[in-house]
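Enquirer: curious how this folds, go ahead:
(chains A, B and C)
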Amino acid sequence: MKGIWWKLLGPLLILYSISMGLYGPVPRLPILNETIRVLYYHVPMWFSMIAMMLASLIFSIQALGEKEGADLKAFEFARTGFLLASLGLITGMVWARFTWGAFWVNDPKLNGTAVTMLIYLAYFVLRSSVEEAQKRARLAGVYNIFAFVMMIVFIGILPRMTDSLHPGNGGNPGFNQYDLDSNMRPIFYAAVLGWILIGLWISQLRIRYKKLRDAKTI
Amino acid sequence: MQKLSRYITLLALALFSFSAKAQQMPEVEMADSLRENGKIFVVIIIMSLIFIGVAAYLFNLDRKISKMEKGQ
Amino acid sequence: MQGVFQIIKLNFRLEWSARQSYFSLLIYILSTVYISNLVFEQTIGLESWNAFFWVIFLFAAVQAAYRSFYFEADRRFLLYFGLVAPESLILGKILYNFLYLGVLGLFTVLIFGGLMGFPMANPEAFLLILFLSALGFSAILTLVSGIAAKAGANPALPAILSIPLLYPQIITLSKLSLRSLSGFSWEVNAPLLIVLSLLALVSLLLSYLLFPYLWRD
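Expert: Below is the predicted model:
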């Protein structure tokens, strides 16, 4: 990803989602009321988190092929993904408090996120406990691939096997109407794409910074 | 046959939700006055400004790192 | 295939020569079961039975599998290297751990059931779930204990690394096993059983594919 166009595109898309997300028309639904607009700000965190973890997976596979610097990239993308996941979790908890009445409920999607964060925390711990760079690249790469597969199983497959409180699952009023709502869709997709670009940008900045720092210490 | 019955239930559900939605329309409370008197623009401007600030910070960081990379 | 059996035999011989590891695990199970017995003074409900059983078994399994690479962080790795291909090494280790965890699970059932009662409504289903869990656990735990052994001496590492990876399986199997305690319908639970077996299979495949990279030095 060369050039500056995507670094401009990301913030522009998010600005669009902020202004149209607040102003644009949304379906009138009970319980959700105006909080349906959270869709534009909370859900893109999850989508962009998964995108970051996917990038991390790709670089981990490259790291197993002994590609120079791939391990660092995998790590930084996982970090950005973790940041986005934390933001998504916190915003989700605030929303859940006012919609479901509690900050934390035992919902498959919430559990999935918590587990994802624990898996990636373990990945960070593993990476920090190995000194030698080549060995670290291999161990962390192996673990990251495993982690990604388990994350996809946990957030993608298991929730479909059980009921979820989340809007759109099992008789809950909510977002499954948004699939039909043509007003919401473009804003939502713009927000997702915008946050993915921002995530790429932050990761890229951190990777460049780390490379500079490493070059200096050598 | 099973497929057909699934379609029928889907159709019935869609019709049902449509009529349910039409009935709920006036009851659901939304922040309509906020939009009518234009105060919503204040919120939009403030949130956009904060985000622009964050983006500008990122741009600045990017420029600094680029400069350092050129210096090497 | 020859190599796989060699590994299993070798592992068993080595482990048998240090028998205290088996006994220490047995004592671990005994003491944790006894703790849960002490905590529950009255009869225990099905859900608590289920939760306690799987937590005890999970931690016993993590410890058992951790031992499988613990003794050979560096030296024996080199010994194996000339002997067998990494693919047969990981398969052998997983199979050994599978047998080990299966026996361990049966022991846990006996001890735990002896003290807390056997409430199974459908023992065959429960044993099948135990068997599937031993398979999935051994696949993940063997690879992770390999990673932990290579990463060096952080005693908390195996648990930190493996438990989050085991969550999908644990959630599925605890749901299933609770149903096998209270009354089990094979038809209703077939999808979950398939998910559990697929999870075990995917873990097995991933361990098999990824281990050679771990192995390379």
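Enquirer: who are the contact partners of the spatially closest residue to residue C:5 that is not a sequence neighbour?
Expert: In space, and not counting its chain neighbours, residue C:5 is closest to residue C:92: 7.3 Å by Cβ to Cβ, 6 or more residues apart in numbering or on different chains. Backbone N, C-alpha and C define where each C-beta goes, glycine included. Under the criterion of Cβ atoms under 8 Å, 6 or more residues apart in numbering or on different chains, the contact list for residue C:92 reads C:3-8, C:11, C:84.
Enquirer: low-scoring stretches of chain B, by residue?
Expert: B:1-27 (pLDDT under 70).
Enquirer: ranges for the helices of the chain?
Expert: Just going to use chain A. Secondary structure of chain A by DSSP state H: the helices cover A:5-23, A:43-64, A:70-99, A:108-128, A:133-152, A:158-161, A:184-217.
Enquirer: the intended chain is chain C.
Expert: According to DSSP H, the helices that chain C contains are C:2-17, C:20-39, C:46-70, C:75-83, C:86-116, C:123-151, C:157-182, C:186-215.
Enquirer: compare these and say which comes out lowest on pLDDT.
Expert: Comparing mean pLDDT over those, the weakest stretch is helix C:75-83, at a mean of 60.
Enquirer: who's in contact with the most centrally placed residue in chain A?
Expert: Of all residues in chain A, the one closest to the mean position by Cα atoms, centre = their mean is residue A:49, 1.2 Å from it. The neighbourhood of residue A:49, defined by Cβ under 8 Å, 6+ apart, consists of A:81-82, A:84-85, A:88, A:116, A:199.
Enquirer: which residues of chain A score low on pLDDT?
Expert: In the predicted model, chain A carries pLDDT under 70 at residues A:1-2, A:160-180.
Enquirer: give me every residue in it lying close to chain C.
Expert: Selection of chain A residues close to chain C by Cβ under 8 Å from any Cβ of the partner chain yields A:64, A:111, A:115, A:118-119, A:121-122, A:125-126, A:129-130, A:135, A:138-139, A:141-143, A:145-147, A:149-150, A:153-154, A:157-158, A:161-162.
Enquirer: change it to 6 Å
Expert: Counting by Cβ under 6 Å from any Cβ of the partner chain, chain A comes close to chain C at A:64, A:115, A:118-119, A:122, A:125, A:129-130, A:138-139, A:142-143, A:146, A:150, A:153-154, A:158.
Enquirer: return the distance of stretch C:176-188 from the chain's centre.
Expert: Stretch C:176-188 has its average C-alpha position 22 Å from the chain's average C-alpha position, going by Cα atoms, centre = their mean, to the nearest Å.
Enquirer: and the contacts of that stretch?
Expert: C:46, C:50, C:119-122, C:125-126, C:129, C:192 (Cβ atoms under 6 Å, 6 or more residues apart in numbering or on different chains).
Enquirer: in that stretch, what counts as buried?
Expert: Applying a neighbour-count criterion of 16 or more other Cβ atoms under 10 Å in any protein chain shown, one finds C:176-181, C:184 buried in stretch C:176-188.
Enquirer: so for residue A:36, which of the helices of chain A sits nearest?
Expert: Each of the helices of chain A has some distance to residue A:36 by Cβ to Cβ; the shortest is helix A:184-217, at 8.0 Å.
Enquirer: how about the residues of chain A that lie near chain B?
Expert: Proximity of chain A to chain B (Cβ under 6 Å from any Cβ) is limited to residues A:11, A:15, A:18-19, A:22-23, A:28, A:30, A:33-34, A:205, A:208-209, A:212.
Enquirer: tell me the most packed of those residues, by neighbour count.
Expert: For the residues of chain A next to chain B, neighbours were counted by other Cβ atoms under 10 Å in any protein chain shown; the highest total belongs to residue A:18, with 24 neighbours.
Enquirer: pull the contacting residues for that residue.
Expert: When contacts are counted by Cβ under 6 Å, 6+ apart, residue A:18 is found next to B:47-48.
Enquirer: who's in contact with residue A:93?
Expert: Contacts here follow Cβ under 6 Å, 6+ apart; on that basis residue A:93 touches residue A:103.
Enquirer: next, work out how far apart it and chain C are.
Expert: Taken as Cβ to the nearest Cβ, to the nearest Å, the spacing of residue A:93 relative to chain C amounts to 20 Å.
Enquirer: where's residue C:130 relative to chain A, distance?
Expert: When Cβ to the nearest Cβ is applied, the distance between residue C:130 and chain A equals 20 Å.
Enquirer: list the buried residues for stretch C:37-55?
Expert: The neighbour-count check on stretch C:37-55 (16+ other Cβ under 10 Å) flags C:37, C:44, C:49-50, C:52-54 as buried.
Enquirer: again, but for stretch C:119-135
Expert: C:119-120, C:122, C:125-130, C:132-135.
Enquirer: just send those back as a markdown table, with distance to chain B too.
Expert: Supplementary listing: the buried residues of stretch C:119-135 in a markdown table, determined by distance: Cβ to the nearest Cβ, whole Å:
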| residue | distance to chain B |
| --- | --- |
| C:119 | 38 |
| C:120 | 35 |
| C:122 | 29 |
| C:125 | 28 |
| C:126 | 33 |
| C:127 | 34 |
| C:128 | 29 |
| C:129 | 30 |
| C:130 | 35 |
| C:132 | 30 |
| C:133 | 34 |
| C:134 | 37 |
| C:135 | 34 |
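Enquirer: burial of residue 8, as a residue count?
Expert: Since no chain was named, I'll use chain A. By the other Cβ under 10 Å criterion, the neighbourhood of residue A:8 contains 13 residues.
Enquirer: nope, chain C
Expert: For residue C:8, the number of neighbouring residues by other Cβ under 10 Å comes to 19.
Enquirer: check contacts around it.
Expert: Contacts of residue C:8 were listed using Cβ under 6 Å, 6+ apart, and they are C:92, C:95-96.
Enquirer: give me that answer again for 10 Å
Expert: Contact criterion Cβ atoms under 10 Å, 6 or more residues apart in numbering or on different chains gives C:91-99 as the residues in contact with residue C:8.
Enquirer: contacts only, for the residue in chain C that chain A sits nearest to.
Expert: The minimum distance from chain C to chain A, using Cβ to the nearest Cβ, falls at residue C:164 (4.2 Å). For residue C:164, the residues meeting the contact criterion (Cβ under 10 Å, 6+ apart) are A:114-123, A:147, A:150-151, A:154.
Enquirer: just the buried residues out of those, in PyMOL syntax.
Expert: This is how PyMOL selects the buried members of these, with burial counted by 16+ other Cβ under 10 Å:
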select buried, chain A and resi 114+115+116+117+118+119+120+122+123+147+150+151+154
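Enquirer: greatest separation within the residues of chain A next to chain B: which pair is it?
Expert: Comparing every pair within the residues of chain A next to chain B by Cβ to Cβ identifies A:30 and A:212 as the most remote, at 53.7 Å.
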